[in-house]
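S.K.: pasting a predicted model and its sequence here:
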Amino acid sequence: MQHSISDQHGITVVVLEGELEVSEAPALRDLLGSLVAGPQSRVLLDLGQVSFIDSSGIGVLIGAHRRAEEAGARVGLAAPNAGVRRVFELTRTDRVLRIYDSVPDGVAALGA
């Protein structure tokens, strides 16, 4: 998994590339832990270039979502491809996580 980070209107946008699976889970957990630092944190993960996600990747995203909620921060996901979106639907995590169709939609929603 590779990533790049930018700021869009006060929202930290993290572009993730590759597979979010068991071998990448610790690095992703550490990355998200460093970005969700306080109640003003707003983080949007651009999943447009993620080709695969497994249960460990979902677990990291759920954990980050919960930690953010507890801290008063917000984490969202944007632009998952059809396969990744289907995994969220099958695991019903799409009912828990904030998932937006595009990065601009996510930036607008998290900035509101």
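M.R.: Noted; the coordinates are in hand.

S.K.: run a quick neighbour tally on the residue nearest to Glu21 when sequence neighbours are not counted.
M.R.: What sits nearest to Glu21 in space, not counting adjacent residues and going by C-beta to C-beta, 6 or more residues apart in numbering, is Asp54, at 4.5 Å. Quick note: C-beta positions are derived from backbone N, CA and C, even for glycine. By other C-beta atoms under 10 Å, the residues close to Asp54 number 15.

S.K.: then the one 10 residues further on?
M.R.: Applying the criterion other C-beta under 10 Å, we find 23 residues in the vicinity of Ala64.

S.K.: quick check: phi and psi on it?
M.R.: Ala64 adopts backbone torsions of phi -60, psi -40, taken as degrees, to the nearest 10.

S.K.: check Val15 too.
M.R.: Per degrees, to the nearest 10, the backbone of Val15 is at phi -90, psi 120.

S.K.: ok, back up a step: list the contacts for the residue nearest to Glu21?
M.R.: For Asp54, the contact set (C-beta atoms under 8 Å, 6 or more residues apart in numbering) comprises Glu19, Leu20, Glu21, Val22.

S.K.: so the last one makes contact with Ser56?
M.R.: Yes - assessed by C-beta atoms under 8 Å, Val22 is found in contact with Ser56 at 4.3 Å.

S.K.: out of these two, which sits in the busier spot?
M.R.: Relative neighbour count places Ser56 above the other of Val22 and Ser56, with 17 against 12, counting by other C-beta under 10 Å.

S.K.: now do the more buried one against Val107, distance only.
M.R.: Applying C-beta to C-beta, to the nearest Å, the value for Ser56 to Val107 is 27 Å.
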